[in-house]
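Asks: Sharing a sequence plus its predicted fold:
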Amino acid sequence: MSWLQDMLISPFADFAFMRRALVGCLALALGSAPVGLFLVMRRMSLMGDAMSHAVLPGAAVAYLLAGLSLPAMSLGGFVAGVLVAVLAGLATRYTEVKEDASFAAFYLLSLSLGVLLVSKSGSNVDLMHLLFGSVLAVDNAALLLVAGVATFTLLVLAVIYRPLLLESLDPVFMRAIGARGGIWHMLFLLLVVLNLVAGFQALGTLMSVGLMMLPAIASRLWAASVGGMLLTSFAISALSGVGGLLLSYHYELPSGPAIILLAGLVYLLSLLFAPQGGLLPRLVRARHFTN
Amino acid sequence: MIELDNLTVSYQRHPAVHHVSGRFAAATATAIFGPNGAGKSTLLKTIMGALKPDSGQVAFKGISRRDLAYLPQQSEIDRSLPVSVIDLVSSGHWRQSGLFGQVGRGQDEASWNALVAVGLEDFATRPISALSSGQFQRVLFARILVQDARLIMLDEPFNAVDARTTQDLLQLVARWQQEGRTVIAVLHDIAQVRSHFPQTLLMAREVIAWGDTASVLTEERLRQASETAAHWLARAPLCQVDGEGV
């Protein structure tokens, strides 16, 4: 019993930085899990990755102007991400280019600009910090940002849940009834960028995509309804967060990759064992009904 | 009801709908008939608002643009999403429920009745991925029932649908006419048109004939339609009808 307590409870009970990291991870999970799920349902699973690269030049410009300041870099990253989303959205709407191609083009432009700016600024260490973050170094400002973004995300999703889901399911129907799918789509992309930026300090832009996508993809293999998927993906996110932090504490691993690898492990296990389309349940031949 | 005024819709400057004028009679069913490439689907999409006309216009008289149900030729519904049949049917309540509005008991009942009307009540809680394409077409008809729209546009609704299902769905078209709704359907089966659609628009990019089905679907005009549609030049001269090319 005391062994369990040493393993699971004490790290958080004894150290303030671990408690902070825990709260940060859970808040991140709360916001990014549903966002990731909608990305998966809209067949935009790779969009999160594209957007995580797109925020780089904004953060770099902010770093050049204001130094290593979280609010400035978050704001810069947010502006760059939204700019890429809007430009790609406009290109999709007003030209013959499809959405995935537009996003690929604009995020690559943005990324190369970002790398150029970062290399001009000098220090590679800061770049590493930007890409990979450190959840164990989360301060109050970062925590407030993460919590604020999670709250905002859940509120907005509650408002746009129905049209967003309906637009993922049947865009032609939405157009026929004059329900303006484009607005919900842009609002949703805004949430994607916000959640990536929120993960800046804790996980870094690259790793926060992992917390967004892996639990969402795994949840599809467990639940047969959208509500069920939402709950499952949040549960997997939260579990990976807590587990990853403990692993990182006990074995002195970097926290970001530990969290994402754990989420990845859950995904791999889901591929094998999950009831809704996992590999092994499909091999079991259950007896069929009469009709 | 719906009036077309000198409507032209083009793809890369080649008109698919060319100087079409006329009006769809209200509270009856009009079939749009014509060979492949005659602009039938293009016309429906333009009325629906998805395509912009090059010139001319679609006028909605005494009916709101939103009071319209549209069944595309190929639905773009992502059937891999975990949505149940009854939920998909209930999405037809959008006009009443909107963003937040609850789907109330009366609306649940309407969804259920619509499923009963298309004979799929036993499938209510199944996921949409479990349906065959014919069953899925029935579900889409159920959603149209729920939408309760005054104008219903169907683009080749009976493709890949068996005879029994087609008969059942044609019964619904008949019922909609009795209820005073306007139905516009693109069809390829001339017998269906003759038996269930009092009005016909025969088109081949242009209007060949538009009016009572019996007077429109004559041998002579059908031949004229298929000959007109067969002409399609890569380098056609500019159209002079509106004097634009002068």
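Replies: Here it is on my side, so go on. This one's a predicted model, so the numbers in the text were calculated from it and none came from an experiment.
Asks: how much space between the residue in chain B positioned nearest to chain A and residue B:50?
Replies: Closest approach of chain B to chain A (C-beta to the nearest C-beta) occurs at residue B:70, with a separation of 4.0 Å. Yep, even glycine has a C-beta here, placed from its N, CA and C like the rest. Distance, residue B:70 to residue B:50, by C-beta to C-beta, to the nearest Å: 9 Å.
Asks: who touches the residue nearest to the residue of chain B closest to chain A when sequence neighbours are not counted in this structure?
Replies: For residue B:70, ignoring the flanking residues on the chain, the nearest one in space by C-beta to C-beta, 6 or more residues apart in numbering or on different chains is residue A:176 at 4.0 Å. By C-beta atoms under 8 Å, 6 or more residues apart in numbering or on different chains, residue A:176 lies in contact with B:48, B:50, B:68, B:69, B:70.
Asks: again, 10 Å this time
Replies: Each residue near residue A:176 by C-beta atoms under 10 Å, 6 or more residues apart in numbering or on different chains is listed here: A:170, B:45, B:48-50, B:65-66, B:68-72, B:147, B:149, B:153.
Asks: just curious, which of these is nearest to residue A:95?
Replies: Using C-beta to C-beta, the shortest approach to residue A:95 within those belongs to residue B:50, at 16.8 Å.
Asks: could you check the distance from the closest one over to residue A:171?
Replies: The span separating residue B:50 from residue A:171 equals 10 Å under the rule C-beta to C-beta.
Asks: between these two, who's got more neighbours?
Replies: Neighbour totals were compared for residue B:50 and residue A:171, and residue A:171 leads with 17 against 14 (other C-beta atoms under 10 Å in any protein chain shown).
Asks: Tell me the helix or strand right after the helix or strand the residue of chain B closest to chain A falls within.
Replies: Residue B:70 is located in strand B:68-71, with elements delineated by DSSP states H and E. On the C-terminal side of strand B:68-71, the nearest following helix or strand under DSSP H and E is helix B:85-90.
Asks: one step back: can you name the residues bridging to the residue of chain B closest to chain A?
Replies: When bridges are taken as DSSP bridges, the partners of residue B:70 come out as residue B:153.
Asks: Relative to residue A:34, how far out is it?
Replies: As judged by C-beta to C-beta, residue B:70 and residue A:34 stand 30 Å apart.
Asks: out of the two, which sits in the more crowded spot?
Replies: Ranked by neighbour count (other C-beta under 10 Å), residue B:70 and residue A:34 place residue A:34 first, with 27 against 24.
Asks: which parts of the one helix or strand that one maps to are buried?
Replies: Taking DSSP H and E as the definition, one finds residue A:34 inside helix A:16-41. Across helix A:16-41, burial judged by 16 or more other C-beta atoms under 10 Å in any protein chain shown covers A:18, A:20-41.
Asks: On the three-state scheme, the closest residue to residue B:84 other than its chain neighbours is what?
Replies: With sequence-adjacent residues excluded and distances taken as C-beta to C-beta, 6+ apart, residue B:84 is closest to residue B:125, at 5.4 Å. Assigned state for residue B:125: coil (three-state reduction, DSSP: H, G, I helix; E, B strand; the rest coil).
Asks: Show me what the lowest-mean-pLDDT helix or strand in chain B is packed against.
Replies: Averaged element by element with mean pLDDT, DSSP states H and E, chain B has its least confident helix or strand at helix B:94-97 (a mean of 78). Here helix B:94-97 is seen to pack against helix A:140-169, helix B:105-117, helix B:133-147 when contacts are counted using 3 or more C-beta pairs under 10 Å, 6 or more residues apart in numbering or on different chains; DSSP states H and E.
Asks: got the CA positions of that helix in CSV?
Replies: Presented in CSV, the C-alpha positions along helix B:94-97 are these (Å, rounded to 0.1, in the frame of the first residue of the first chain):
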residue,chain,number,x,y,z
TRP,B,94,-32.6,21.8,-38.1
ARG,B,95,-35.0,24.6,-39.1
GLN,B,96,-36.9,24.4,-35.9
SER,B,97,-34.2,23.3,-33.5
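Asks: In the stretch 1-150 of chain A, what residue comes closest to chain B?
Replies: Distance from chain B to each residue of the stretch 1-150 of chain A (C-beta to the nearest C-beta) is smallest for residue A:41, at 5.8 Å.
Asks: For that residue, give its distance to residue B:241.
Replies: According to C-beta to C-beta, residue A:41 and residue B:241 sit 47 Å apart.
Asks: now residue A:214
Replies: Relative to residue B:241, residue A:214 is positioned 59 Å away (criterion: C-beta to C-beta).
Asks: Pick out whichever of the two has more residues nearby.
Replies: Each of residue A:214 and residue B:241 has its neighbours counted (other C-beta under 10 Å); residue A:214 has more, 26 against 11.
Asks: before we move on, what SS does residue B:209 have?
Replies: Reducing the assignment at residue B:209 to three states with three-state DSSP gives strand.
Asks: since we're on it, how many residues are nearby?
Replies: A total of 19 residues lie near residue B:209 under the criterion other C-beta under 10 Å.
Asks: Now do the same for residue 124: its pLDDT.
Replies: Because you didn't say which chain, this covers chain A. We have a pLDDT of 59 for residue A:124.
Asks: meant chain B actually
Replies: 92.
Asks: For the stretch 1-150 of chain A, what lies in contact range of chain B?
Replies: Taking C-beta under 10 Å from any C-beta of the partner chain as the contact definition, the stretch 1-150 of chain A meets chain B at A:40, A:41, A:42, A:43.
Asks: Out of those, which is nearest to residue B:37?
Replies: When these are compared for distance to residue B:37 (C-beta to C-beta), residue A:43 comes out closest, at 30.6 Å.
Asks: So, low pLDDT: which residues of chain A?
Replies: Across chain A, the stretches falling below the confidence threshold (pLDDT under 70) are A:1, A:121-136.
Asks: my bad, chain B
Replies: B:99-100, B:229-234, B:243-246.
Asks: residue contacts, the closest residue to residue A:213 other than its chain neighbours?
Replies: Across the structure, with C-beta to C-beta, 6+ apart as the measure, the residue nearest residue A:213 apart from its sequence neighbours is residue A:36 (5.0 Å). Contact criterion C-beta under 10 Å, 6+ apart gives A:29, A:44-45, A:48, A:192, A:195, A:209-217, A:219, A:233, A:237 as the residues in contact with residue A:36.
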